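*Asks:* Following is a predicted model, sequence given first.
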Amino acid sequence: MAHILIVDDSPTDAYLVKNILEGEGYQTTEASNGEEGIQKAKEIKPSLIIMDVVMPGLNGFQATRKITKAPDTSTIPVIIVSSKNMESDRAWGLMQGAKEFLVKPVKQEELLDTVKKLIG
């Protein structure tokens, strides 16, 4: 089964996403900030990354850009899941290389449909 990296500084939000994904049989790994997310993406080469935006240090937009532009991680699809729900946030996230942009609180069905669309 696919391995998904969850990058979120909120333990509650990360836990909810983890439960949804593991309930469907996905393996998950967590990172609590952008820097750690980039490092774990390079180490484990996950099938997909779920990325929060508002985090201390490197934010999700910056981390997504670094992951999607680096040769060793550029093929990993990123789904941004954020409480930022302005159309400009969505557009900026996609410009950074994200494949999808979902708004928190993310609905289980929406998350799973998006994951399946990107990694089968």
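*Replies:* Sure, I can see it.
*Asks:* Please count neighbours and contacts with C-alpha atoms only from this point.
*Replies:* OK.
*Asks:* Break down this protein into its helices, ranges please.
*Replies:* In the chain, the helices defined using DSSP state H lie at 11-23, 34-44, 60-69, 87-95, 108-119.
*Asks:* Identify the residue spatially nearest to residue 54, adjacent ones excluded.
*Replies:* Nearest residue to residue 54, sequence neighbours excluded (C-alpha to C-alpha, 6 or more residues apart in numbering): residue 60, at 6.4 Å.
*Asks:* Now do the contacts for that neighbour.
*Replies:* Shown in contact with residue 60 (C-alpha atoms under 8 Å, 6 or more residues apart in numbering): 34, 51-54, 80.
*Asks:* State the distance from it to residue 104.
*Replies:* Look at residue 60 and residue 104: by C-alpha to C-alpha, to the nearest Å, they are 14 Å apart.
*Asks:* same deal with residue 75?
*Replies:* 25 Å.
*Asks:* and if you look at residue 116?
*Replies:* Look at residue 116 and residue 104: by C-alpha to C-alpha, they are 19 Å apart.
*Asks:* Brilliant, that's me finished.
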